[in-house]
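K.L.:
Build me a structure from this.
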Amino acid sequence: MKIVAPLGKVDDVAPLVRAGADEVYCGLVPPDWSATFGAWTAINRRNAGNLASYEELDTVTKQAHALGKTVTLTLNASHYSESQSKYLLDFAGRISGIGVDAVLVSDSGLIVMLAERRFPFKIFASSLCACRNSSAARFYQDIGGSRVILPRDMSLEEINGIVSAVPEVEFETFIMNEGCLFEEGLCHTTHLPNNEGGAFCLDNYRVEYRRHDGEPLPETERRAIEQNERDYREWTWYRFGCGFTVTEEGAPHGPCGLCAMPTLDEIGVTALKIVGREAGLLRKVRSVQMIKAVRDMIDAGKSAAEIRGFAQGLRRREQLCESGYMCYFPDFIAHPGKVACHA
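P.N.:
Next up is the predicted model:
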């Protein structure tokens with residue numbers, strides 16, 4: 001399984017590859033995009049952590065290729081207007097000339113347009129395509145996709161069913177960092193820089209509850225509502241990287257699927273994706289190193305139980321795993337080794 005690492009700066013390439021990354025992915029916001037469509041009109045899902053120029057993309061691509069690795073560029077805004085799509089066809093010509101290996105696309109119309117023009121790069125269907133069954137996977141294959149990034153919160157059994165039904169398509173799953181509170185494919189917001197409010201779903205709202213009949217809330221109802229709010233805040237804390245905290249060595253807490261890697265490997269998943277282009281370099285490097293350490297154990301023939309113990313001990317905070325909130329694949333924690341994989 002390939003390790004797919006996020007990149008936000010030119011200087012990220014070499015450290016990520018040294019740590020064990022097989023592929024890097026990045027975003028680019030050309031100055032004329034912002035000038036044409038507005039600073040808050042996203043060319044991809046992240047308004048932060050993007051390269052700033054074609055020259056930077058060219059440098060990243062040359063560095064990665066010199067190290068034997070590939071570069072994927074994100075074009076994964078939820079949708080694009082007609083004028084934006086026309087712009088992106090010219091944009092695609094420029095990045096093709098640079099030598100980008102693949103583009104990550106969420107708008108099915110843009111996938112068709114790119115495929116019809118037969119650019120040399122591969123087309124990957126983003127998790128925002130919400131590909132949750134084999135028919136959807138075949139659809140994206142038919143319109144030009146060679147890889148599908150599966151949505152978060154799919155069970156291992158569901159992943160196995162899709163991969164086994166469409167073996168000619170590559171499949172990528174999320175493996176570390178940052179959950180999503182809702183279904184990405186039905187989300188039409190974006191991730192703003194933290195100083196502009198961050199992700200919309202992290203809004204620190206305040207709620208006042210009233211009974212519709214105008215009567216005061218009984219104490220039992222008030223306590224139940226307050227407990228529900230505390231539980232929700234705890235859940236969102238886990239989903240967003242345990243408050244984006246790290247260990248003393250810089251290893252990130254937060255959503256993780258390391259324990260399930262042996263099963264994902266047996267299923268036939270092609271690639272494992274680390275989230276967070278805008279994150280600090282150390283966080284990204286440590287993420288790559290943790291995944292590579294588990295992959296090395298798989299390659300060495302270690303048992304699933306040994307790998308699970310190793311993975312859960314990497315952060316020395318086993319209680320975070322025990323909560324169940326931090327796991328990308330909670331079905332594995334509940335029933336380890338119970339997924340029947342089919343070739």
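K.L.:
Now the residue of the chain most remote from its centre: phi and psi?
P.N.:
Computed with Cα atoms, centre = their mean, the maximum C-alpha offset from the centroid of the chain is found at residue 215, amounting to 46.0 Å. Main-chain torsions, residue 215, degrees, to the nearest 10: phi -80, psi 150.
K.L.:
Against residue 182, how distant is residue 314?
P.N.:
29 Å (Cβ to Cβ, to the nearest Å). Just so you know, the C-beta spots here come from the backbone N, C-alpha and C atoms, and that holds for glycine as well.
K.L.:
More neighbours: which of the two?
P.N.:
More neighbours surround residue 314 than the other of residue 314 and residue 182, with 19 against 11 (other Cβ atoms under 10 Å).
K.L.:
ok, the closest residue to the more buried one other than its chain neighbours - contacts?
P.N.:
Distances taken as Cβ to Cβ, 6 or more residues apart in numbering put residue 290 closest to residue 314, at 5.6 Å, once the chain neighbours are dropped. For residue 290, the contacting residues are 176, 251, 258, 311, 314, by Cβ atoms under 8 Å, 6 or more residues apart in numbering.
K.L.:
let's go with 10 Å and repeat that
P.N.:
Contact analysis of residue 290 by Cβ atoms under 10 Å, 6 or more residues apart in numbering lists 3, 19-20, 175-176, 251-252, 256, 258, 274, 310-311, 314-315.
K.L.:
now, which of the residues you listed lie within strands?
P.N.:
Among the contacts of residue 290, DSSP state E puts 3, 175-176, 274 in strands.
K.L.:
Lowest-confidence one in those?
P.N.:
pLDDT across those is lowest for residue 176, at 90.
K.L.:
ok, how many other residues are close to that residue?
P.N.:
Around residue 176 there are 27 other residues, counting by other Cβ under 10 Å.
K.L.:
For it, give the beta-bridge partners.
P.N.:
residue 256, residue 274 (DSSP bridges).
K.L.:
Surely it and residue 276 touch.
P.N.:
Yes. Residue 176 lies in contact with residue 276 (Cβ atoms under 10 Å); the separation is 8.7 Å.
K.L.:
Check the contact lists of these two and give me the overlap.
P.N.:
With Cβ under 10 Å, 6+ apart as the test, residue 176 and residue 276 both reach 5, 241, 252, 254, 283-284, 287.
K.L.:
so what's residue 205 scoring on pLDDT?
P.N.:
pLDDT recorded at residue 205 is 64.
K.L.:
Repeat that for residue 118.
P.N.:
96.
K.L.:
okay, now it: neighbour count?
P.N.:
For residue 118, the neighbour count with other Cβ under 10 Å is 7.
K.L.:
what sits against it?
P.N.:
residue 144.
K.L.:
Quick check: it is in a strand.
P.N.:
No. Counting by DSSP: H, G, I helix; E, B strand; the rest coil, residue 118 falls outside a strand, being coil.
K.L.:
For it, give its distance to residue 328.
P.N.:
35 Å.
K.L.:
And for residue 52?
P.N.:
For residue 52, the distance to residue 328 - Cβ to Cβ - is 32 Å.
K.L.:
who's more crowded, these two?
P.N.:
A side-by-side neighbour count of residue 52 and residue 328, using other Cβ under 10 Å, places residue 328 first with 22 against 13.
K.L.:
For that one, which non-adjacent residue is closest in space?
P.N.:
The shortest distance from residue 328 to any non-neighbouring residue, by Cβ to Cβ, 6+ apart, is to residue 257 (3.7 Å).
K.L.:
could you give the mean pLDDT of the helix or strand where residue 308 lies?
P.N.:
Using DSSP states H and E, residue 308 sits in helix 304-313. For helix 304-313, the mean pLDDT works out to 91.
K.L.:
what do you get for stretch 87-97?
P.N.:
Per-residue scores along stretch 87-97 average to 96.
K.L.:
Tell me which residues of that stretch come out buried.
P.N.:
Neighbour counts using 16 or more other Cβ atoms under 10 Å place 87-88, 91-92, 95 of stretch 87-97 among the buried residues.
K.L.:
Stretch 137-147 too?
P.N.:
Buried positions in stretch 137-147, judged by neighbour count with 16+ other Cβ under 10 Å: 137-141, 143-147.
K.L.:
centroid residue for the protein?
P.N.:
Centroid check for the chain by Cα atoms, centre = their mean gives residue 275 as the closest residue, at 4.4 Å.
K.L.:
I'd guessed that residue sits against residue 175; true?
P.N.:
Yes. Counting by Cβ under 10 Å, residue 175 is a contact partner of residue 275 at 8.8 Å.
K.L.:
got any residues that touch both of these two?
P.N.:
4, 255, 287.
K.L.:
Which pair of the ones in strands among the contacts of residue 290 spans the longest distance?
P.N.:
Farthest apart among these by Cβ to Cβ are 3 and 176. That separation is 9.7 Å.
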